[in-house]
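Engineer: Whatever this is, show me its structure:
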Amino acid sequence: MARRTKEEAMETRERILEAALELLSEKGYDRTTFVDIADRIGLTKGAVYWHFASKQELFLALIRFFTERRERLVEAQAVPLDCWEHIQPHFVERSRVIMLDPVCRKFAYFLSFQMEWTDELHAGVEDVLRELRKDLFVQLLEVFTRAKTDGVLRSDIAPREACLMIISLWKGLFANDVGQYARMDLPRCVAVGIDVLLQGLRGDVPAVARKE
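Structural biologist: This is a model prediction of the structure:
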């Protein structure tokens, strides 16, 4: 019985977070209340407060919940980011996951274009955002660090610099696609862009060829 009660509580918590994302996307952070969220899924305001003591706590949980959901999808569909040869296919599949999953797109669009960030709110969630962004960077940094040791990464490029180049390209293309600034095939653009970058980063490419 206790196990079922715990499962029910987790299900209710997920329903609250899913409703919160819908309402935050529709009304914005400031105008969304716990009453709105409770009404959307047929709960009382007290039931929402039982799970989350404040709107900021709910917002932090929402970021964690949907980021972890996205990463589970990526893990299930993409090759692991564990070697040079997997960099391009990993980011291509990561692109497809976000492009094809409507919840991932809604979450990404909300954080990037609908969230009303203030200095106070950003300071409150900065550690969580940094933590959630760290995993992808750490994985890629490990790949480039090994590549540097093996002479695959150019001698004049630091592993951290290579990471920043790849992730900046990915984030720029991703933001363009989610924001619909221009019509594009996100997976194809990611594949081509990262391929070009990796060719330029390889240490076994002759200097003359790189200049051409």
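Engineer: V192 - how many residues pack around it?
Structural biologist: 14 (other C-beta atoms under 10 Å). In this view, the C-beta of every residue, glycine as well, is placed from N, C-alpha and C.
Engineer: Quick check: it is in a strand.
Structural biologist: No - secondary structure of V192 (DSSP: H, G, I helix; E, B strand; the rest coil): helix, not part of a strand.
Engineer: any idea how far it is from L164?
Structural biologist: Going from V192 to L164 by C-beta to C-beta, to the nearest Å gives 19 Å.
Engineer: what ranges do the helices span in this protein?
Structural biologist: If you assign secondary structure with DSSP state H, the helices in the chain sit at 2-27, 34-41, 45-51, 55-77, 84-100, 102-109, 119-149, 159-179, 186-201, 207-211.
Engineer: May I have the third one exported as PDB, CA atoms only?
Structural biologist: Taking C-alpha atoms only, helix 45-51 is exported to PDB below (Å, rounded to 0.1, in the frame of the first residue of the first chain):
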ATOM      1  CA  LYS A  45      -4.100  24.600  -4.400                       C
ATOM      2  CA  GLY A  46      -3.000  22.800  -1.200                       C
ATOM      3  CA  ALA A  47      -2.200  19.700  -3.100                       C
ATOM      4  CA  VAL A  48       0.200  21.600  -5.300                       C
ATOM      5  CA  TYR A  49       1.800  23.200  -2.300                       C
ATOM      6  CA  TRP A  50       2.200  19.800  -0.700                       C
ATOM      7  CA  HIS A  51       4.600  18.900  -3.600                       C
END
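Engineer: Packing partners of that helix?
Structural biologist: Contact partners of helix 45-51 among helices and strands, from 3 or more C-beta pairs under 8 Å, 6 or more residues apart in numbering; DSSP states H and E: helix 2-27, helix 34-41.
Engineer: Tell me the buried residues in the first one?
Structural biologist: For helix 2-27, the neighbour count (16 or more other C-beta atoms under 10 Å) marks 12-13, 15-25 as buried.
Engineer: same thing with the shortest one?
Structural biologist: Residues F34, D36, I37, A38, R40 are the ones in helix 34-41 that count as buried (16+ other C-beta under 10 Å).
Engineer: just stretch 165-177 next, same as before
Structural biologist: Buried residues in stretch 165-177, counting neighbours by 16+ other C-beta under 10 Å, are found at M165, I166, I167, L169, W170, L173, F174, D177.
Engineer: how's this protein carved up into domains?
Structural biologist: Following automatic domain parsing, one finds the domains of the chain at 1-53, 55-211.
Engineer: could those be laid out in JSON lines, adding mean pLDDT?
Structural biologist: Listed next are these as JSON lines, based on pLDDT from 0 to 100:
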{"stretch": "domain 1-53", "mean pLDDT": "91"}
{"stretch": "domain 55-211", "mean pLDDT": "88"}
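Engineer: Let me have the buried residues of helix 34-41 in CSV, adding distance to E93 as columns.
Structural biologist: Below are the buried residues of helix 34-41 laid out as CSV (distance: C-beta to C-beta, whole Å):
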residue, distance to E93
F34, 37
D36, 36
I37, 33
A38, 38
R40, 33
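Engineer: Just want the most central residue of the protein.
Structural biologist: T67 (5.8 Å; C-alpha atoms, centre = their mean).
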